[in-house]
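Asks: Give me coordinates for this.
(2 chains)
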Protein chains: 2
Amino acid sequence: MGITLAWKAIGIFDSGVGGLTVLKEVVKTLPQEDTIYFGDTARFPYGTKSPETVIRYSLEIASFLVKRDIKLLVVACNTASAVSLEALQNELSIPIVGVIEPGARRAVATTRSGKVGVIGTEGTIKSSAYAKAIKRMNQEVEVITRACPMFVPLAEEGWVDNEVARLTARTYLQGLTEEGVDTLVLGCTHYPLLKGVIADVMGNGVKLVDSAEETARAVAEILRNNGLLRPSSEKGNHHYFVTDVPAGFIRIGNRLLGEKLGDVYQVSLDDNRESEEPKGEAE
Amino acid sequence: MGITLAWKAIGIFDSGVGGLTVLKEVVKTLPQEDTIYFGDTARFPYGTKSPETVIRYSLEIASFLVKRDIKLLVVACNTASAVSLEALQNELSIPIVGVIEPGARRAVATTRSGKVGVIGTEGTIKSSAYAKAIKRMNQEVEVITRACPMFVPLAEEGWVDNEVARLTARTYLQGLTEEGVDTLVLGCTHYPLLKGVIADVMGNGVKLVDSAEETARAVAEILRNNGLLRPSSEKGNHHYFVTDVPAGFIRIGNRLLGEKLGDVYQVSLDDNRESEEPKGEAE
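Replies: This next block holds a predicted model:
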């Protein structure tokens, strides 16, 4: 039983292309595993949408991935992790890993001052998911949060190192530096692209936490504990599904992964049609 | 026949709340008409999505509105107007009015130097819809375009008059001022919110064109020519449908319209379910 299950793929989903940073870490940690990545690029972004809508979208995607027989689901999107995890757990019988819990664990392990900052989308911050997770791990840690809605469009526009980016970072983060946080959780997969300006504003004393590595570690642990790891002599295959035409996803994805993506398929969740030809060669 | 048709409503759709500026002008010009507004707030924004996806969404919304028996469809979204108009015209038998054609007409009538600037979303600018429409009206007019993807998130964040907004406007618009345009089309329903900083950067000599008024005029003309106007002694009713929970739409909508919105219903196009209670009182 364990052996047949082990051959199944790991499913990973995000509102768009940003979750590929999580995929990258999963593949680095577990190169023997097959993965299926789902990017809901047509309905991106999730961070500005209501919890109800994000939950509905997350359930649709999970159902699509479960039909492809995955053994574990990674919710690589911070907003979806923050609001949909419980609904997904009620619906699915496979293990589910979000990015909030691993990011929170890393932050608690990192802070010395006991003051942790968390930045994310409107949806993630409103949910208080990070603050709750951190408090569950250590009641003493003080959590200061800030929604930074302009960071995603800045990263998408490629304005990661200009005067607008610096001024925006200062506007959002000034309060956090004044509060004296020594650890800052980048609670959105896009934010690592702005690491440079964020680090400049926060100053040398502040450690930035990116959930991707920690999430990959959690995935490996769960698979190992459940006897679901493929033999490490294997080499995994990687498939990609997106809801908008794949050209933009492929362009940014190649940059994020630092290598050429495999086949990218466009699918429509609305009517369960699915284009059959891979668009991996499109550019 | 004309008389029964005249009692039908005008359908207006947009990717979100911005199209209410067009609704406002339509109601000002034709207070006797019923309207049905559709804001696809769950899938907002359209400006960053591919033409294929925007066309699919536009057709879904048009089909929803046609089932509610409208007599004319206004595509208040610039991106949808730019890429979906032909597909909609092939599908529907009622008159369809986009915002591109009216905005282009106003720009051609306004310019003295013969140099018109057009700003809009990535989708609108890539389509060249404004440039083509302007050239059709006057071959001599030179059109200089610029996509300004950060303007929508700035307007949504309420950063319409701070240093980030000014710096962003300068970064995008510098080239247009150097080209010597004397007329600038605000080719996105959100951009009028940034009128102040845009006007500052462009300088006194440049006229800003907002399509809403001109679009309302086109609607009135078509209805009149087809004998579809309601008697001017009537007073129209206004209904609103959105795809995300209505709270945000109501909040921004009240501000845009300068009065309280009527009933706002949340609907799901994916599965044609529809919540039956109006959410007009929610805040």
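Asks: contacting residues for the residue of the stretch 1-150 of chain A found nearest chain B?
Replies: Among all residues of the stretch 1-150 of chain A, A:Ser50 sits closest to chain B, at 4.2 Å; criterion: C-beta to the nearest C-beta. For every residue, glycine as well, the C-beta is placed using N, CA and C. Residues in contact with A:Ser50 (C-beta atoms under 8 Å, 6 or more residues apart in numbering or on different chains) are A:Gly123, B:Asp244, B:Val245, B:Ala247, B:Gly248.
Asks: Try it again at 7 Å.
Replies: B:Asp244, B:Val245 (C-beta atoms under 7 Å, 6 or more residues apart in numbering or on different chains).
Asks: The residue nearest to A:Gly114 when sequence neighbours are not counted: neighbouring residues, count only.
Replies: What sits nearest to A:Gly114 in space, not counting adjacent residues and going by C-beta to C-beta, 6 or more residues apart in numbering or on different chains, is A:Val141, at 5.4 Å. The local packing of A:Val141 (other C-beta atoms under 10 Å in any protein chain shown) involves 18 other residues.
Asks: Let me see the backbone angles for the nearest residue to A:Ala76 once chain neighbours are set aside.
Replies: Take A:Ala76 and drop its neighbours on the chain: the residue closest to it by C-beta to C-beta, 6+ apart is A:Gly19, 3.0 Å away. Torsion angles at A:Gly19 (phi, psi; degrees, to the nearest 10) stand at phi -70, psi -10.
Asks: Would you agree A:Gly19 is in contact with A:His190?
Replies: No. At 9.9 Å, A:Gly19 does not count as touching A:His190 under the criterion of C-beta atoms under 7 Å.
Asks: tell me the contacts of the spatially most central residue of chain A?
Replies: Centroid-nearest residue in chain A: A:Ala76, 2.7 Å away (criterion: C-alpha atoms, centre = their mean). Neighbour list for A:Ala76: A:Ile12, A:Phe13, A:Asp14, A:Gly19, A:Val22, A:Val99, A:Thr189 [criterion: C-beta under 7 Å, 6+ apart].
Asks: which of the residues you listed tops the neighbour count?
Replies: A:Val99 leads the contacts of A:Ala76 on contacts (other C-beta under 10 Å) with 31 neighbours.
Asks: Skipping its backbone neighbours, what lies nearest it in space?
Replies: Closest to A:Val99 by C-beta to C-beta, 6+ apart is A:Ser211, at 4.2 Å.
Asks: check contacts around the residue nearest to A:Ala76.
Replies: Counted by C-beta under 7 Å, 6+ apart, A:Gly19 has contacts A:Ile12, A:Phe13, A:Gly39, A:Ala76, A:Cys77, A:Thr189.
Asks: Just the ones in strands from those, please.
Replies: A:Ile12, A:Phe13, A:Gly39 (DSSP state E).
Asks: Which of the helices or strands spans the nearest residue to the first one once chain neighbours are set aside?
Replies: Once its chain neighbours are removed from consideration, A:Ile12 has its nearest residue in A:Val74; the separation is 4.3 Å (C-beta to C-beta, 6+ apart). With the criterion set as DSSP states H and E, the secondary-structure element containing A:Val74 is strand A:70-75.
Asks: Give me the residues contacting that strand.
Replies: Contacts for strand A:70-75 (C-beta under 7 Å, 6+ apart): A:5, A:8-13, A:22, A:26, A:36, A:62, A:65, A:81, A:84-85, A:88, A:92, A:94-99, A:215, A:219, A:222-223, A:228.
Asks: Just the buried ones from these?
Replies: A:8-13, A:22, A:26, A:36, A:62, A:65, A:81, A:84-85, A:88, A:92, A:94-99, A:215, A:219, A:222-223, A:228 (16 or more other C-beta atoms under 10 Å in any protein chain shown).
Asks: From what I see, A:Ser113 and A:Asp182 are in contact.
Replies: Yes. Between A:Ser113 and A:Asp182 there is a contact at 4.2 Å, judged by C-beta under 7 Å.
Asks: out of those two, which sits in the more crowded spot?
Replies: Higher neighbour count among A:Ser113 and A:Asp182: A:Asp182, with 17 against 14, using other C-beta under 10 Å.
Asks: wait, that one sits on A:Ala107?
Replies: No. Contact between A:Asp182 and A:Ala107 fails when scored by C-beta under 7 Å: they sit 10.2 Å apart.
Asks: So for the closest residue in space to A:Arg166 that isn't next to it in sequence, what pLDDT did the model give?
Replies: Of all residues not flanking A:Arg166 in the chain, A:Val197 sits nearest, at 5.2 Å (C-beta to C-beta, 6+ apart). Note for A:Val197: predicted pLDDT of 98.
Asks: Now do the contacts for A:Val197.
Replies: A:Val160, A:Asp161, A:Ala165, A:Arg166, A:Ala169.
Asks: and these as TSV, adding pLDDT?
Replies: TSV is the format used below for the contacts of A:Val197 (pLDDT from 0 to 100):
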residue	pLDDT
A:Val160	93
A:Asp161	93
A:Ala165	98
A:Arg166	98
A:Ala169	98
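Asks: now those residues in JSON lines, with distance to A:Val201, neighbour count and secondary structure?
Replies: Formatted as JSON lines, those follow (distance: C-beta to C-beta, whole Å; neighbours: other C-beta atoms under 10 Å in any protein chain shown; DSSP: H, G, I helix; E, B strand; the rest coil):
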{"residue": "A:Val160", "distance to A:Val201": "13", "neighbour count": "17", "secondary structure": "coil"}
{"residue": "A:Asp161", "distance to A:Val201": "13", "neighbour count": "12", "secondary structure": "coil"}
{"residue": "A:Ala165", "distance to A:Val201": "10", "neighbour count": "24", "secondary structure": "helix"}
{"residue": "A:Arg166", "distance to A:Val201": "7", "neighbour count": "19", "secondary structure": "helix"}
{"residue": "A:Ala169", "distance to A:Val201": "5", "neighbour count": "23", "secondary structure": "helix"}
